[in-house]
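# Any chance you could fold what I've pasted below:
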Amino acid sequence: MREKVFLFVREEIPYSVAVVVDKFIEKKGLISITATINVERESQKGIIIGKGGSMLKKIGTSAREEIEKLLGSRVFLELFVRVQKEWTKKPGALKEFGY
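Below you'll find the predicted structure:
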């Protein structure tokens, strides 16, 4: 998912994006994934979401298609965007995100 953010928003978003998988549930041929895209500023959140949610949809669709190929199963992907102010400057921030 993080790769798709970089692919579609290019230089508009610096490398201050962290994606956390909140839920991963597998049931009868369907994998349900809930993930949060964390950014540092409100303006970055707007870029990730895009006009009318168009960029977030583009990121989600592309990520879902790639995950389906990788896992060989249908995937329901739910994405959220959250602002974590200046998280890259906080010691231990990556640990909070599970990295």
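# Quick check, residue 6 in contact with residue 37.
No. Using Cβ atoms under 8 Å, residue 6 makes no contact with residue 37, being 11.4 Å away. No exception for glycine: its C-beta is placed from N, CA and C like everyone else's.
# shared neighbours of those two, anything?
Residues touching both residue 6 and residue 37 (Cβ atoms under 8 Å, 6 or more residues apart in numbering): residue 17.
# Which one's more surrounded, the two?
A count of neighbours by other Cβ atoms under 10 Å puts residue 37 above the other of residue 6 and residue 37, at 24 against 13.
# Would you map the helices across this structure?
Counting by DSSP state H, the chain has helices at residues 2-9, 42-49, 54-71, 93-96.
# Which residue, other than its chain neighbours, is closest to the residue nearest to the spatial centre of the chain?
By Cα atoms, centre = their mean, the chain has its centre lying nearest to residue 37, at 3.8 Å. Excluding the flanking residues, the one nearest residue 37 by Cβ to Cβ, 6 or more residues apart in numbering is residue 81, at 4.8 Å.
# which stretches of this structure have low pLDDT?
For the chain, the stretches flagged by pLDDT under 70 are 11-12, 14, 99.
# ok, now which residue in the chain is the farthest from the centroid?
Most distant from the centre of the chain: residue 28, at 24.6 Å, with distances by Cα atoms, centre = their mean.
# For that one, give its distance to residue 67.
17 Å (Cβ to Cβ, to the nearest Å).
# Over to residue 5?
Noted for residue 5: a distance of 14 Å to residue 67, by Cβ to Cβ.
# So for the two, which sits in the more crowded spot?
More neighbours surround residue 5 than the other of residue 5 and residue 67, with 24 against 15 (other Cβ under 10 Å).
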